[in-house]
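K.L.:
Sequence unavailable; structure follows:
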């Protein structure tokens, strides 16, 4: 069942947070949604973390008119995997984003103008710092579970390593201990596409630099799919509208990238895209430690990992490095390699493949009297 | 030993050729270099095909001042793999390119202006059509060998299938029967980067659109390297000049793409880049046939294939599809999978890994009295 009509909420943290860079970001507004009811023990809260261009709108509709439900609606609701009859689900928009939480498109109260590039560089750890404050304000000492895919998985890892006493379990999907130089390179050319757009104006645009941002998103889509899924979805089909020998004739895959690129321009801020891309690239679970083992030493909560066979952005071997490290430390860890052709996007597209295992894992955490 | 000082030569085919598109391209100039001497039987000629942004300058120096020798100098010369004491080596710049052969930057004699986008869309088969005429003009009925990597490999495949009686052997390195949709997608975003550059002016620029072309080349470099080689070469090192929290701070891999991208702008024409990218994407060894088997049916010459384990642009499985097909047809074929971390670029960087096998293969062809 759907959770029905939901209402976006927000809090403002006047004193803000001290960032990894040493700068203070204040005030901070965080937008979030909740589904289900917090129990008397406040022990049934699950925090779901969104990926790069996601938002707090996880499930249900914000109004009866909204055409699409939240981004993980399929698994959140009464009787669904994240059963809102049993759990209180929270999803919050990360700082740096453009969906209500403080980011480069927000007004800097000191100047009365948008931050744009005066916004500080933030890290995934900073995102989680802000969330931790939100969770405390909601009166929750300990989350039953924190879960997410891709950048959401990085956030779950930060909870597990930075706030080990504040979570009873974590689920990490399609993530990485640190993006490879190849993944960084792909983000680098996406950034470059935006920088090249004269409409970007070093971040001081009034209207999104659409050509640059669309191209940046097009590059992103290549990394979200896989060789296999592109073969299945497009093959080498040439656009039926175009002649094979037209200079501007397009393959179907090319039209797809264009179409999705330009669609994105209406929904995402270019500067936010750049700040979050940077946070992704800088991400390293071992940040500030000598080794991954040192980083994982504080972990107490069981962590369930999922990697997807055709994910070439954050390939399975990167998840396996974490699993092996945690096992070596004797930490409770569970790992599932899901055979999928869907590439990185599998964590969004193939929920039915991992949902039952996640469900069971959270139940176990709950049973331990989290 | 080096071949020493070499001279670029050219011929002009006044009547041109009829292209796959049905259009006539005339006249056609082809620039080429030769090394070594054609024997009395005219049976010792080897045609080397260059890749996307290569040229006819395979070996030696065009003047004593030239700082770098030709692009495959390491293997061409007296006593080298392609031994100019024994063989007459020919390399010709493909049509569509910008290194002397007719391409979009050439003057259209009908208008007195550069072709730019009025240049016809060409295919790899068209490139080889033009070369065939050159080879005939040189008085050669049958090449001892035709060899090349990447787009050069595609050309070798065209010789083997379209002109089976005109070659005694073929060597195909790091190539593909047809680029995958993923490879097309990566070229598509490179094209898009050029289209986005206002300096491109739909091809009517006076000066190369440098930001767009540099970005396009940067995207290309990602595909030429591999996850492994990027790890070895750059890791996640951050530029020593930049602060980690500088908005414009770069990872080393990012600087590399920028540096190489902007270097490329001085040496390659943006429209040529686009036309050749299109030829690559359109390439299909089975073009005009019902199946790969039908396409390979006319093959008589032995073909030696090399694929490189970390080449994700044209992955080994694509070469293996051709090898299996040829074997199924009972054609003489040889296949070597080279374990290499260098990705697609391995065919240029690791010549010592395959050179001895190529040498032996050509010797065998020669021994059969080609």
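P.N.:
Sure thing, it's come through. Bear in mind the structure is a predicted one, so any value in this text is a computation, not a measurement.

K.L.:
make it CA atoms for all contacts and neighbour counts henceforth
P.N.:
Noted.

K.L.:
Quick check: nearest residue in space to residue A:246, chain neighbours excluded?
P.N.:
Leaving aside its sequence neighbours, residue A:246 sits nearest to residue B:121 (Cα to Cα, 6 or more residues apart in numbering or on different chains; 7.0 Å).

K.L.:
cool, residue A:366 as well?
P.N.:
residue A:144 (6.7 Å).

K.L.:
Contact residues of the stretch 1-150 of chain A facing chain B?
P.N.:
For the stretch 1-150 of chain A, the residues in contact with chain B (Cα under 8 Å from any Cα of the partner chain) are A:21, A:117, A:120-122.

K.L.:
need those in CSV with pLDDT, can you?
P.N.:
Formatted as CSV, the residues of the stretch 1-150 of chain A next to chain B follow (pLDDT from 0 to 100):
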residue, pLDDT
A:21, 97
A:117, 98
A:120, 98
A:121, 98
A:122, 98
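
K.L.:
Which of those are buried, as a ChimeraX select command?
P.N.:
Paste this into ChimeraX to select the buried members of the residues of the stretch 1-150 of chain A next to chain B, with burial taken from 16 or more other Cα atoms under 10 Å in any protein chain shown:
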select /A:117,120,121,122
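
K.L.:
now the residues of the stretch 1-150 of chain A next to chain B in CSV, with secondary structure?
P.N.:
CSV is the format used below for those (DSSP: H, G, I helix; E, B strand; the rest coil):
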residue, secondary structure
A:21, coil
A:117, helix
A:120, coil
A:121, coil
A:122, coil
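
K.L.:
ok, which pair from the residues of the stretch 1-150 of chain A next to chain B is furthest apart?
P.N.:
The most widely separated members of the residues of the stretch 1-150 of chain A next to chain B, counting by Cα to Cα, are A:21 and A:117 (14.9 Å).

K.L.:
Next up, the contacts around the closest residue to residue A:52 other than its chain neighbours.
P.N.:
Spatial nearest neighbour of residue A:52, chain neighbours left out: residue A:151 (6.0 Å); criterion: Cα to Cα, 6+ apart. Counting by Cα atoms under 8 Å, 6 or more residues apart in numbering or on different chains, residue A:151 touches A:49-52, A:124, A:175, A:280.

K.L.:
if we can go back for a sec, distance of the residue nearest to residue A:366 from residue A:299?
P.N.:
From residue A:144 across to residue A:299, the span is 15 Å (Cα to Cα, to the nearest Å).

K.L.:
Kindly report the same for residue A:360.
P.N.:
21 Å.

K.L.:
And for residue A:356?
P.N.:
Per Cα to Cα, residue A:356 is found 24 Å from residue A:299.

K.L.:
residues making contact with stretch A:261-281?
P.N.:
Contacting residues not belonging to stretch A:261-281 are listed as A:52-53, A:96-98, A:103-105, A:116-117, A:121-124, A:151, A:178-179, A:183-184, A:187, A:191, A:194, A:203, A:208-211, A:213-218 [Cα under 8 Å, 6+ apart].

K.L.:
Buried among the residues you listed? Make that a ChimeraX selection.
P.N.:
Those of the contacts of stretch A:261-281 that count as buried under 16+ other Cα under 10 Å are selected in ChimeraX with:
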select /A:52,53,96,97,98,103,104,105,116,117,121,122,123,124,151,178,179,183,184,187,191,194,203,208,209,210,211,213,214,215,216,217,218
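
K.L.:
So which of the contacts of stretch A:261-281 belong to helices?
P.N.:
Using DSSP state H, the members of these that fall in helices are A:124, A:151, A:183-184, A:187, A:191, A:194, A:210-211, A:213-218.

K.L.:
In contact with the residue nearest to the spatial centre of chain A, which residues are there?
P.N.:
For chain A, the residue nearest the mean C-alpha position is residue A:51 (1.4 Å; Cα atoms, centre = their mean). Counting by Cα under 8 Å, 6+ apart, residue A:51 touches A:148-152.

K.L.:
want to throw those into TSV with pLDDT and distance to residue A:136?
P.N.:
Formatted as TSV, the contacts of residue A:51 follow (pLDDT from 0 to 100; distance: Cα to Cα, whole Å):
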residue	pLDDT	distance to residue A:136
A:148	97	20
A:149	97	23
A:150	98	25
A:151	98	22
A:152	98	19
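
K.L.:
Filter those down to the buried ones.
P.N.:
Neighbour-count burial (16+ other Cα under 10 Å) applied to the contacts of residue A:51 gives A:148-152.
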